[in-house]
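>>> Sequence first, then the predicted structure:
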Amino acid sequence: MNVRQQLQQALAALPTGAPGQVLSIQAGDRRVTCQIEALDSLACTFTCLTVESPSLASASIDDLKAASEKLAARLNYLLEPIGPVEVDGLACQVQLRSKPPQKDEEGVSYYELLVRRGEISLRRFKAGNGQPRHVIAAHVTREVLLRLAEDLAST
């Protein structure tokens, strides 16, 4: 069974309406973990989607940049397009964010994707006007969550 099929099966087994559930599957050498905040028959909210990948464990910064570019091109179905913001050669990670972020009278919200040795993680943040940023739940359909997990795991 591939990542999408395993995640779909695991999602179907979760009770709807129960907050704060952790979904975790092992697909070959990759582990996909998702912190589900709310779940119903059509959609869910999550605060973090992480893919642990041993193939990235010894990746060079150039490998991580290439993986980041590939992900930025593939994840064109999110609320905002994402693109690289910072390449940290010392920490060996690439940070991508929504470009541009979503803005309203309360501040900005954006996706942040970290591609680093051993893992890829996706979160959504909100920064109120003059306030520090904090993690917020990303609202997606079940289909988008399956696609996200599959795209992150294929990197």
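Perfect, I can see it now.

>>> rest of the way, CA atoms for contacts and neighbours
OK.

>>> middle-most residue in this structure, spatially?
Leu122 (2.4 Å; CA atoms, centre = their mean).

>>> Kindly state the beta-bridge partners for it.
Leu49, Leu113 (DSSP bridges).

>>> ok, it touching Leu113?
Yes - Leu122 lies in contact with Leu113 (CA atoms under 8 Å); the separation is 4.6 Å.

>>> on that earlier part again, quick one: contacts for the residue nearest to the centre of the chain?
48-50, 111-114 (CA atoms under 8 Å, 6 or more residues apart in numbering).

>>> hmm, which two among the residues you listed are most spread apart?
Longest distance between any two of those is 13.4 Å, between Thr50 and Tyr111; criterion CA to CA.

>>> Packing partners of the longest helix along the chain?
The longest helix of the chain (DSSP state H) is helix 61-74. Packing contacts for helix 61-74, counted by 3 or more CA pairs under 8 Å, 6 or more residues apart in numbering; DSSP states H and E, involve strand 82-88, strand 93-98, strand 107-116, helix 142-153.

>>> Try it again at 10 Å.
strand 82-88, strand 93-98, strand 107-116, strand 119-128, helix 142-153 (3 or more CA pairs under 10 Å, 6 or more residues apart in numbering; DSSP states H and E).

>>> could you check the angle helix 61-74 makes with the longest one?
For the pair helix 142-153 and helix 61-74, the angle between their directions (axes from the mean of the first three to the mean of the last three CA atoms, to 10 degrees) equals 160 degrees.

>>> Where does Val22 sit: helix, strand or coil?
Assigned with DSSP: H, G, I helix; E, B strand; the rest coil, Val22 falls in the strand class.

>>> Pull the number of nearby residues for it.
The tally of other residues near Val22 (other CA atoms under 10 Å) stands at 13.

>>> if you skip the residues just before and after it, what's nearest to it?
Excluding the flanking residues, the one nearest Val22 by CA to CA, 6 or more residues apart in numbering is Gln35, at 4.7 Å.

>>> these two touch, right, the one you found and Ser121?
No - in this structure, Gln35 is not within contact of Ser121 by CA atoms under 10 Å, at 11.4 Å.
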